[in-house]
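[1] Pasted the sequence and its predicted model underneath.
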Amino acid sequence: MKILSVFVILFFNLLGVYAQQINRYNDETGREIVITDSLFYYIEKHPSYPYWYNDTLAVCTFKRVNNDFLELNSQNPYQTIASGYKVLRSTVEYLSKDSLEISFQIPYDRGELIISIIPTNIFPIKNYDFIYSQSNNSIIIPQKIKDFTYSIMPDDRNAIVHDVRGMNYGILFIASESITLGSDINYIEISIPSLTNSFFEKYYVKGEYARIIGNKIIWKGRTFTKM
């Protein structure tokens, strides 16, 4: 009897999966929109050359406004950054008393990142910039800096564009909230595991509308036809 009950549960679970409606739309270049019961996906596949690190450039929730429009929203990139984010403060002996080392642990290795450290307790404000890579992940600045923010952006040579007009539909940089250090702290490690190679290439969609006309969807000036 127990085996039969398990079988029935599995059957109805599978039935629910297959019952989910999946609609696919393609434009003339092969770009794809996939709509399930709850999510809207935008996909660009490049089988001969991996232009994107992740083919799925947008994952959005959607709300049917009327027969003609869908309202689209994706997760805020800063909510993504918050996943797994950690700041470790400590004191190390190998540094001089006048130095503060700020180290970043980031999986991004698509190219170099420009990281700016911006003190908030010293005036006039002077930025401390360095080029981040997997082999150069830290900067040493004066230890008198006890409060700072930072920003991170791809190097210009790795700029990401989403269309021929040079438009980027995601975010071009991230900026932190203020970080405060104690008087004896001379080392800080900032871990951002969600800042992956695909982070800056993702679309950030907030309150946008996709238009539905018959078997077509028009979004960002592109027309997708139902397959």
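    Nice, thanks for sending it over.
[2] State the distance from T91 to I145.
    Computed as Cβ to Cβ, to the nearest Å, the T91 to I145 distance reads 15 Å. Yep, even glycine has a C-beta here, placed from its N, CA and C like the rest.
[3] Mind checking which of those two has more residues around it?
    Higher neighbour count among T91 and I145: I145, with 18 against 10, using other Cβ atoms under 10 Å.
[4] Contact partners for the more buried one?
    For I145, the contacting residues are L100, I117, P119, N121, I122, L181, by Cβ atoms under 8 Å, 6 or more residues apart in numbering.
[5] With respect to R110, which of the residues you listed is nearest?
    Using Cβ to Cβ, the shortest approach to R110 within the contacts of I145 belongs to I117, at 21.8 Å.
[6] Test of understanding: give the bridge partners of that closest one.
    Y128, Y150 (DSSP bridges).
[7] and it, how far is that from I185?
    Going from I117 to I185 by Cβ to Cβ gives 15 Å.
[8] Next one, pLDDT for the residue at minimal distance from the centre of the chain please.
    Centroid-nearest residue in the chain, with Cα atoms, centre = their mean: F199, separated by 3.3 Å. We note a pLDDT of 96 for F199 in this prediction.
[9] With the one 5 residues further on instead?
    The pLDDT attached to Y204 in the predicted structure is 97.
[10] How many neighbouring residues does the closest residue to it other than its chain neighbours have?
    Counting by Cβ to Cβ, 6 or more residues apart in numbering, the nearest residue to Y204 once its immediate chain neighbours are dropped is G170, at 5.0 Å. Applying other Cβ under 10 Å, we find 18 residues neighbouring G170.
[11] Next one: G170 relative to L100, how far apart?
    For G170, the distance to L100 - Cβ to Cβ - is 32 Å.
[12] ok, now R110?
    For R110, the distance to L100 (Cβ to Cβ) stands at 28 Å.
[13] out of the two, which sits in the busier spot?
    Shown here are R110 and L100; by other Cβ under 10 Å, L100 has more neighbours (22 against 16).
[14] Which secondary structure elements does the helix or strand containing the more buried one sit against?
    L100 belongs to strand 99-105 when elements are defined using DSSP states H and E. Where contact means 3 or more Cβ pairs under 8 Å, 6 or more residues apart in numbering; DSSP states H and E, strand 99-105 is packed against strand 138-142, strand 187-191.
[15] Leaving out the residues flanking it, which one is nearest to N67?
    Among residues not flanking N67 along the chain, I212 sits closest, at 7.1 Å (Cβ to Cβ, 6+ apart).
[16] Can you give me every residue that contacts that neighbour?
    Going by Cβ under 8 Å, 6+ apart, I212 touches N67, D68, F69, L70.
[17] Just say helix, strand or coil for it.
    Taking DSSP: H, G, I helix; E, B strand; the rest coil as the rule, one finds I212 in the strand state.
[18] The residue nearest to T56 when sequence neighbours are not counted bridge partners, please.
    Nearest non-adjacent residue to T56, counting by Cβ to Cβ, 6+ apart: I43, 5.3 Å away. According to DSSP bridges, the residues that bridge with I43 are E32, T56.
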